[in-house]
Every structure is written in C-alpha cells, then in structure tokens.
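*Asks:* structure of the sequence below:
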Amino acid sequence: MKSRSILVVDDDPRMRRLLRRCFEGDGFLVFEAERKADVLRFLAEEAIDLITLDIGLGHESGLTIAQDIRKVSDVPIIIVTAKDDVIDRVVGLEIGADDYICKPFHVRELIARVHALLRRAEHHPTLAERPSDTADAEAVYRFGDLTFDPGTLELRGKGGDLTDMTTADIKLLTVFLQRPKRALSRDQIMTLMNGQSWSPLDRTIDNQIARLRKKLERDPSHPDLIKTIRGVGYMLATDVRKEPA
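*Replies:* Presented below is the predicted three-dimensional model:
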C-alpha cells in the first residue's frame, strides 16, 4: 500500500524536523517547504495528501499561501501555529483551511487530527474531480433570486452578477442547498462542511454564517434566506430547485 504524503510548511527547521519525525514514525512520506514557491511546486509535482501550514513564514503569510493553495487544490490543510488568535483562526478556516492547532501541541493529537482529515477527504471530491461529477456539473441550484452552479462553483444574482465566494462560503452554502428548510445545529454544519471538531464556545460557524449572509441577503441584519433557529442553529428557509445548467 502506498504511503500517504504530508507537506510540512514552516520556516523553522527545528519544527520541520519535529514534524518529520512525528509523521515518518506514523508511516507517512514527508516533504518540507518554507516558501510559497516550494509549496506550489510540490503540489504540481507530487501527490500530496495533506499540508501542515504555519501562519508566520518570515516575509510570507501562511494565510496567503492557503488562499493560493485553494485556487489549485482541495488538499486538506491543518494550520499549525504559535498564534492563538481567534481572528487568525476564523480567517484561516474561511479561506479554506480544514483544521487549526496551536503550538505547543501534543504529537498524538496532531496525528489523530491528520488521520481524521484524511478519512474525511476520501469522501469529498477534489477540484479536479468536480467538473466530471455529472450529478452536479450538469445541474444548478436556484433559490430566491440566486443561482449556484456546482460545476463552476459560481454564485450569480438575479441579473447574472457574479458574487465573490471563498472555499468556506461554497462549502457552507452547499450544506444548506442540499438540505433546504431543515434546521441544522452548529455541530451538524461543522461536520457536514469538513467534519471539524466543534465546541459550544466555538463561534466559527456563526462568523461564517454572518459573512455568507452578507453575500446572499438583501438585508443581512434581517435575513430572509438563512434563518436563525433559536436553540437549534440555522436553516435555509426557502425552496431550492435543481435544474439543468
């Protein structure tokens, strides 16, 4: 059986060595990078199964690198950083990172998170696979005055105007479009998006809902589409039609 591969992105050689030993001891093939150019080169040349990514990389931002990765790949990303900042965490998840762990961390916890993400990734289509998925590529979702095309990952308004959507926006919107008029808890939404762990104190989903509302609603302060269901979570409160593209 072919070993799974992990790309460790960190500008600290000591941390790269620590993670290499950690992952190789668990049977992974490990690559190392400290600059965006190297990250993109490895993605183009190697079959990378998961990336651990530090936020602070000298003169480069790990968050910017995560954005660039998401333009070409859906490879799972775990942000590994010493910055325990909720804003960085929310931004990282919004632009497409799948998990977040702060230094110092327990090696077994990191390994467990890696295995959990890899298991979930087996059940999610990659960017390269999506256009060939005939179930979605040949149909669009219509709801309210909006149209979402899963084949092109584009959201358009009534007049055809294109709405800028992040990877996190698309994942969250897809969860709702596939379950219209169904109340979903924050835990369910987090699991359906990527299976990320959630705690009652975690406001990640609330922040993502607020940002998605700004892109969908006429008046985000009085939403008509994504309703808050008190004591439960959220619901897409409109009919959804799936029609040929």
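*Asks:* hey, let's count contacts and neighbours off CA atoms from now on
*Replies:* Fine.
*Asks:* going along the chain, name the helices of the protein.
*Replies:* Under the criterion DSSP state H, helices of the chain are mapped to 13-24, 36-45, 62-72, 86-94, 107-121, 134-137, 167-177, 186-193, 204-216.
*Asks:* any chance of JSON lines for those helices, columns distance to Asp54 and mean pLDDT?
*Replies:* Shown next, in JSON lines, are the helices of the chain (distance: least, Cα to Cα, whole Å; pLDDT from 0 to 100):
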{"stretch": "helix 13-24", "distance to Asp54": "10", "mean pLDDT": "93"}
{"stretch": "helix 36-45", "distance to Asp54": "12", "mean pLDDT": "90"}
{"stretch": "helix 62-72", "distance to Asp54": "6", "mean pLDDT": "85"}
{"stretch": "helix 86-94", "distance to Asp54": "11", "mean pLDDT": "70"}
{"stretch": "helix 107-121", "distance to Asp54": "14", "mean pLDDT": "87"}
{"stretch": "helix 134-137", "distance to Asp54": "34", "mean pLDDT": "48"}
{"stretch": "helix 167-177", "distance to Asp54": "19", "mean pLDDT": "89"}
{"stretch": "helix 186-193", "distance to Asp54": "22", "mean pLDDT": "77"}
{"stretch": "helix 204-216", "distance to Asp54": "20", "mean pLDDT": "88"}
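*Asks:* contact partners for Asp161?
*Replies:* For Asp161, the contact set (Cα atoms under 8 Å, 6 or more residues apart in numbering) is empty.
*Asks:* for Val91, see how far away the closest residue to Val90 other than its chain neighbours is.
*Replies:* Nearest-residue entry for Val90: Thr204, 6.0 Å, with adjacent residues in sequence omitted and distances by Cα to Cα, 6 or more residues apart in numbering. Per Cα to Cα, to the nearest Å, Thr204 is found 9 Å from Val91.
*Asks:* the two: who's more crowded?
*Replies:* Thr204 (19 against 16; other Cα atoms under 10 Å).
*Asks:* what separates the more buried one from Ala47, distance-wise?
*Replies:* When Thr204 is compared with Ala47 (using Cα to Cα), they lie 30 Å apart.
*Asks:* list the contacts of stretch 52-70.
*Replies:* 6-11, 34-36, 40, 77-81, 83, 91-92, 95-97, 167.
*Asks:* still on that earlier bit, turn the helices of the chain into JSON lines, including distance to Asp161.
*Replies:* Formatted as JSON lines, the helices of the chain follow (distance: least, Cα to Cα, whole Å):
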{"stretch": "helix 13-24", "distance to Asp161": "44"}
{"stretch": "helix 36-45", "distance to Asp161": "31"}
{"stretch": "helix 62-72", "distance to Asp161": "21"}
{"stretch": "helix 86-94", "distance to Asp161": "22"}
{"stretch": "helix 107-121", "distance to Asp161": "32"}
{"stretch": "helix 134-137", "distance to Asp161": "20"}
{"stretch": "helix 167-177", "distance to Asp161": "17"}
{"stretch": "helix 186-193", "distance to Asp161": "26"}
{"stretch": "helix 204-216", "distance to Asp161": "12"}
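*Asks:* for Met235, which of those is the nearest?
*Replies:* Ranking the helices of the chain by proximity to Met235 (Cα to Cα) places helix 167-177 first, at 7.1 Å.
*Asks:* verify the stated contact: the residue nearest to Val90 with Gly92.
*Replies:* No. With contacts counted by Cα atoms under 8 Å, Thr204 stays clear of Gly92, the gap being 10.4 Å.
*Asks:* nearest to the middle of this protein, which residue? Look it up for me.
*Replies:* For the chain, Gly96 is the residue whose C-alpha lies nearest the centre (Cα atoms, centre = their mean; 3.5 Å).
*Asks:* confirm for me that it is in contact with Ile170.
*Replies:* No. With contact defined as Cα under 8 Å, Gly96 does not count as touching Ile170 (9.9 Å).
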